[in-house]
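1. give me coordinates for this.
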Amino acid sequence: MAMIPRLELRQSQALVMTPQLQQAIKLLQLSSMDLLAYVEQELEQNPLLERDDGADDGLEGTGVDAADDETAEAEPDPDGESGDLSAVDRTVDGDRPLPDDDTPDVDYDNQWNNDSATDNMDGANGMDGDRLDASGPAQFEDWGSSGGGFEDGQGNLEQILSDTITLREHLIAQLNMDVDNAGDRMIGLHLIDMLDEAGYLTGDMAQVAQLLGCAVERVERTLAVLQTFDPPGIFARDLAECLGLQLKDRNRLDPAIQILLDNLDLLAKRDLAALTRLCGTDDLAEMVAEIRTLDPKPATAFESSVSQPITPDVLMRAQPGGGWIIELNSDTLPRVLVSNHYYARISKEARSKTDRQYIHECFQSASWLVKSLHQRATTILKVATEIVRQQDGFFAKGVSHLRPLVLRDIALAIEMHESTVSRVTSNKYMATPRGIFELKYFFTPAIASSSGGESHSAESVRHRIKALIDGEETTKVLSDDALVDQLAGEGIEIARRTVAKYREALGLPSSVQRRREKTSRM
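-> Reported below is the predicted structural model:
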């Protein structure tokens with residue numbers, strides 16, 4: 001066949017990721033906070049979008065019907081008076097209307113002055129008026145109401161609010177007091193900025209010296225001064241140094257306890273025999289008890305970050321006749337509308353082709369955003385409803401009845417793609433009678449049953465392992481192999497390495513460490 005160029009006409013199907021489709025996919029995986037920020041950005045950029053604040057105007061609790069603003073002002077008052085609000089503005093205490101000329105009933109000429117001592121006599125307090133200027137009492141009165149009086153009850157609230165001192169401000173104040181040299185203070189400021197959230201010093205001192213152009217010994221000397229600051233244990237480079245600085249502050253750092261700090265790994269393993277042999281003392285229990293009183297994270301007392309509460313996207317509650325009621329949290333749903341009236345108005349006024357094209361694009365973008373938000377809410381509700389149906393045993397009886405569930409199960413039930421279900425369940429939370437859970441929590445892999453029955457979820461198996469370890473006897477600590485046998489007797493087929501992985505994920509020590517810990521408590 002000869003190699004010649006030619007034209008061919010073919011038909012094929014392909015998925016084209018249009019900007020509208022990309023926007024819809026992006027909205028699915030956004031959390032409620034990110035979605036609100038995205039909608040706020042669109043409201044600023046698109047003039048045809050407007051907020052729908054009709055449901056949040058506070059009229060539900062008052063029983064007031066939300067009428068149109070244009071007709072509410074024109075309606076007559078039930079008492080026969082006009083609906084004009086100017087009559088209300090022109091009243092004093094709601095019952096004494098002012099004259100038509102808005103002239104207050106006050107005779108400015110009938111005022112006391114300082115021409116006569118008898119005229120200036122204040123009968124209320126008995127003060128001689130000729131000792132004060134005519135503006136004197138008014139000055140004191142105004143001064144007291146402006147927030148500077150001794151008994152001010154209406155002062156500026158911002159002037160009396162307490163301010164939280166951060167760790168950096170606390171350390172800089174001590175640095176300015178204890179360090180005189182300007183160069184050392186610069187080194188100290190750099191080291192303060194190298195502290196992590198727990199108060200430990202991160203980074204290499206050689207790199208600090210190279211960056212600041214000084215000797216490493218000078219950085220070490222400055223660090224030694226900083227390590228004496230409050231709180232004790234600050235500027236440590238590891239846990240042993242942090243505990244040692246606190247013991248040094250208490251004047252309790254002796255050679256025996258220093259050896260104990262150098263072997264904290266043995267203390268974590270509860271190997272008390274080896275520690276007794278290394279320390280060469282019989283007071284090991286007292287030293288361990290004193291170490292437990294120390295603070296391994298000295299900077300947490302100055303932590304000023306506020307944890308943001310989780311706002312659930314889905315609300316769930318029990319139905320009186322049985323079953324569950326699932327609904328979306330209206331507080332997390334942004335309400336936007338397309339301003340059709342404004343679109344029709346500016347479309348008529350647009351003269352150039354560029355303006356008409358811009359207006360049309362804004363209208364299409366606004367319409368698609370409203371549609372995408374509605375589709376997102378519908379999809380979240382559909383996925384959450386199916387999750388509740390699949391995990392009904394968990395909500396009724398607890399975590400031990402959590403079924404194994406994967407994204408494919410939900411996708412097949414609601415006839416959607418797995419990727420859609422994955423995006424919907426990302427960063428979404430549901431408030432249930434058992435607490436607030438992320439939607440991803442209900443998806444757990446399956447663990448086969450040794451009896452050939454229904455499979456068990458990984459989360460329920462982890463819960464069972466924790467229950468067995470918490471209920472073990474002091475003289476009969478369960479090893480990982482014993483846990484495997486115990487679970488096999490309950491119909492759960494699981495490998496020993498899987499048990500060890502689940503145990504470590506739960507933060508539970510090994511059987512050897514648990515035995516040493518239980519023995520030391522006896």
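
2. whichever strand or helix holds residue 41: how far from the chain's middle?
-> If you go by DSSP states H and E, residue 41 is part of helix 32-45. The chain centre lies 18 Å from the centre of helix 32-45; the measure is Cα atoms, centre = their mean, to the nearest Å.

3. kindly report the same for stretch 332-343.
-> The answer for stretch 332-343 is 28 Å, by Cα atoms, centre = their mean.

4. what residues does that stretch touch?
-> Residues from elsewhere that reach stretch 332-343, judged by Cβ atoms under 8 Å, 6 or more residues apart in numbering: 32, 35-36, 39, 42-43, 47-56, 311-313, 359, 363, 366-367, 369-370, 373, 377. Quick note: C-beta positions are derived from backbone N, CA and C, even for glycine.

5. and the helix holding residue 41, which residues are buried?
-> Buried residues in helix 32-45, counted by 16 or more other Cβ atoms under 10 Å: 32, 35, 38-39, 42-43.

6. do the same with stretch 314-332
-> Applying a neighbour-count criterion of 16+ other Cβ under 10 Å, one finds 314-316, 324, 326, 328-329, 332 buried in stretch 314-332.

7. same question for stretch 199-208.
-> Using 16+ other Cβ under 10 Å as the test for burial, stretch 199-208 gives 199-201, 205, 208.

8. and the closest residue to residue 447 other than its chain neighbours, how many neighbours?
-> The shortest distance from residue 447 to any non-neighbouring residue, by Cβ to Cβ, 6 or more residues apart in numbering, is to residue 456 (4.7 Å). Other residues lying near residue 456 total 25 when counted by other Cβ atoms under 10 Å.

9. what is the end-to-end distance of stretch 396-405?
-> End-to-end distance for stretch 396-405, by Cα to Cα, to the nearest Å: 17 Å.

10. any idea how far that stretch is from the chain center?
-> Here the centre of stretch 396-405 is set off from its chain's centre by 28 Å, with Cα atoms, centre = their mean.

11. now that stretch: average pLDDT?
-> The average pLDDT for stretch 396-405 rounds to 85.

12. again, but for stretch 488-507
-> So the average pLDDT for stretch 488-507 ends up being 86.

13. list the buried ones in that stretch?
-> 492-494, 498-499, 502-503.

14. of these, which is the nearest to residue 192?
-> Lowest distance from residue 192 to the buried residues of stretch 488-507 (Cβ to Cβ) belongs to residue 503, with 40.1 Å.

15. and the closest one, how far is that from residue 486?
-> From residue 503 across to residue 486, the span is 13 Å (Cβ to Cβ, to the nearest Å).

16. swap in residue 45?
-> Distance, residue 45 to residue 486, using Cβ to Cβ: 61 Å.

17. about what we covered before: closest one of the buried residues of stretch 199-208 to residue 346?
-> Distance to residue 346, by Cβ to Cβ, is smallest for residue 199 among those, at 58.6 Å.

18. that closest one touches residue 171, doesn't it?
-> No - using Cβ atoms under 8 Å, residue 199 is not in contact with residue 171, being 9.7 Å away.

19. so what sits against both of those two?
-> Shared contacts of residue 199 and residue 171, defined by Cβ under 8 Å, 6+ apart, are found at residue 234.

20. summarise which helices and strands the helix holding residue 41 is packed against.
-> strand 49-51, strand 336-338, helix 353-390 (3 or more Cβ pairs under 8 Å, 6 or more residues apart in numbering; DSSP states H and E).

21. what ranges do the strands span in the stretch 201-350 of the chain?
-> Using DSSP state E, counting those that start in this stretch, the strands found in the stretch 201-350 of the chain span residues 314-318, 324-328, 336-338.
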